[in-house]
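>>> Provided below are the primary sequence and the corresponding predicted coordinates.
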Amino acid sequence: MHALDLHFTHQSKASLTFRAPDSSLRTAFWASLILLAGAAPMQAVLPSAPTQAAVMRMFDAWRAPVPPRHLLANIYYVGASGVSSFLITTPEGHILLDTGFDDTVPIIREGVTQLGFKLTDIKIIISSHAHIDHVGGHALMQKLTGARIYASAGDARLLASGGTDDFIPFPRETIVYAPVTVDHVVADGEHVTLGNVTLTAHLTPGHTRGATTWTMDAVVDGALRRIVFFSSTTINAGTRLLHNPLYPEIVREFETTLTRLKALPCDIFFAPHGGQFGMAEKIARLDRDETPNPFIDPDGWRNLVTRAERTFRDQLAAERAAERNSGPDR
């Protein structure tokens with residue numbers, strides 16, 4: 001997957017380019033596909049956890065500021081170059097999905113203002129999953145807005161710990177953030193309504209214990225469309241699926257998540273990183289006035305979920321093969 005660089009020349013126009021990260025970053029963060037022979041010991045089957053330096057280089061690239069952008073209906077992009085933040089507006093106040101890093105909060109603040117909205121009109125903060133690049137700004141954003149923070153039970157625990165109660169084998173310095181107390185714990189299937197917008201929470205654990213995919217409906221191109229805000233299904237580098245002492249149920253929960261995502265109706269999808277939903281290409285096509293709206297992409301959604309399942313199956317098969325050949329490495 002490629003990191004996304006967006007270079008906006010106007011609030012409604014953009015020239016966008018992809019920049020491929022160096023191989024160490026690709027391996028460190030995104031490479032969860034297992035390609036090694038089954039006879040290898042379990043340690044060799046798992047990709048190495050990233051170094052602190054590798055993660056920090058990637059995070060720094062993601063922090064680049066970009067001007068805000070109206071995407072469609074009442075949905076706006078207010079995030080940084082490599083980490084998404086979405087503003088969902090209503091007459092009764094607004095919902096912010098993901099706050100990025102703590103030091104990218106000014107990008108969101110300035111973006112909201114540039115779009116003509118008030119930061120203090122943000123009433124609810126929700127998240128895709130409780131990793132530093134998506135919730136690191138929660139504490140500061142709550143202080144600036146007074147908004148209530150909603151999260152699933154699994155992510156509420158992670159938020160309260162400031163990222164320390166995580167199972168991923170990343171250097172501590174790369175995962176910790178200001179702890180946050182959640183104001184409302186959302187259940188699977190719960191509807192969160194503000195003004196004329198209703199978001200539905202779908203628990204999709206695996207990437208974190210409380211990863212949450214959100215859905216809503218909006219009129220796009222004259223028809224009511226189902227919009228999906230995807231959480232994540234990435235298996236972080238160094239994370240084992242079999243016999244994981246920090247997350248024993250990870251295989252079962254990934255299985256459930258993939259089943260749910262395959263069954264989820266979707267016309268339009270967004271994700272925590274622009275490259276995951278082809279944002280650069282779709283915005284470029286939108287600016288060429290292509291019809292239908294390029295964000296209407298049910299095939300892209302199905303392809304994303306298919307790739308996620310293939311990655312999961314490949315790693316699981318590789319771990320099982322290694323275990324059969326060398327015995328369980330617990």
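On my side now, so go ahead. Numbers count the residues shown, from 1 in each chain.
>>> only C-alpha atoms for contact and neighbour calcs from this point on.
Will do.
>>> The stretch 101-250 of the chain: helices as residue ranges?
For the stretch 101-250 of the chain, helices defined by DSSP state H, counting those that start in this stretch occupy the ranges 105-114, 132-135, 138-145, 153-160, 250-263.
>>> what helices or strands is the last one leaning on?
Under the contact criterion of 3 or more Cα pairs under 8 Å, 6 or more residues apart in numbering; DSSP states H and E, helix 250-263 touches helix 298-326.
>>> what does stretch 188-203 rub up against?
Residues from elsewhere that reach stretch 188-203, judged by Cα atoms under 8 Å, 6 or more residues apart in numbering: 90-95, 152, 186-187, 210-217, 257.
>>> Please disregard the earlier target; I meant stretch 68-75.
11-12, 76-79, 86-90, 111-112, 114-115, 218-220.
>>> mind running it again at 10 Å?
With Cα atoms under 10 Å, 6 or more residues apart in numbering as the test, stretch 68-75 has contacts from 8, 10-14, 76-80, 85-90, 94-96, 107-108, 110-115, 197, 217-221, 279, 282-283, 286, 293, 295.
>>> Could you pull up the residues touching the nearest residue to T120 once chain neighbours are set aside?
Distances taken as Cα to Cα, 6 or more residues apart in numbering put T145 closest to T120, at 4.5 Å, once the chain neighbours are dropped. By Cα under 10 Å, 6+ apart, the contact set of T145 is R109, K118, L119, T120, D121, I122, K123, I124, I125.
>>> related to what we said a few turns ago, let me know which of the helices of the stretch 101-250 of the chain is the nearest to G206.
helix 250-263 (5.0 Å; Cα to Cα).
>>> rewinding a little: any chance of the contacts of T145 in JSON lines with distance to F167 and pLDDT as columns?
JSON lines is the format used below for these (distance: Cα to Cα, whole Å; pLDDT from 0 to 100):
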{"residue": "R109", "distance to F167": "31", "pLDDT": "99"}
{"residue": "K118", "distance to F167": "37", "pLDDT": "99"}
{"residue": "L119", "distance to F167": "34", "pLDDT": "98"}
{"residue": "T120", "distance to F167": "34", "pLDDT": "98"}
{"residue": "D121", "distance to F167": "35", "pLDDT": "99"}
{"residue": "I122", "distance to F167": "31", "pLDDT": "99"}
{"residue": "K123", "distance to F167": "31", "pLDDT": "99"}
{"residue": "I124", "distance to F167": "27", "pLDDT": "99"}
{"residue": "I125", "distance to F167": "24", "pLDDT": "99"}
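>>> Could you tell me which of those are located in strands?
I122, K123, I124, I125 (DSSP state E).
>>> returning to what we had before: so which of the helices of the stretch 101-250 of the chain gets nearest V182?
Comparing the helices of the stretch 101-250 of the chain by Cα to Cα, helix 153-160 comes nearest, at 5.9 Å.
>>> what angle do the closest one and helix 138-145 make?
80 degrees (axes from the mean of the first three to the mean of the last three Cα atoms, to 10 degrees).
>>> Whichever of the contacts of stretch 188-203 end up buried, select them in ChimeraX.
Command for ChimeraX, covering only those of the contacts of stretch 188-203 found buried under the criterion 16 or more other Cα atoms under 10 Å:
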select :90,93,94,95,152,186,210,211,212,213,214,215,216,217,257
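>>> Now stretch 49-68: buried residues?
Applying 16+ other Cα under 10 Å to stretch 49-68 flags 49-50, 54-55, 58-59, 61-68 as buried.
>>> what sits against T181?
Contacts of T181 (Cα under 10 Å, 6+ apart): 138-139, 148-151, 156-162.
>>> Throw the residues you listed into CSV and include distance to A321, thanks.
Compiled in CSV, the contacts of T181 are given as follows (distance: Cα to Cα, whole Å):
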residue, distance to A321
H138, 41
A139, 44
R148, 47
I149, 43
Y150, 41
A151, 37
A156, 35
R157, 34
L158, 32
L159, 36
A160, 38
S161, 36
G162, 36
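>>> Perfect, I'm done here.
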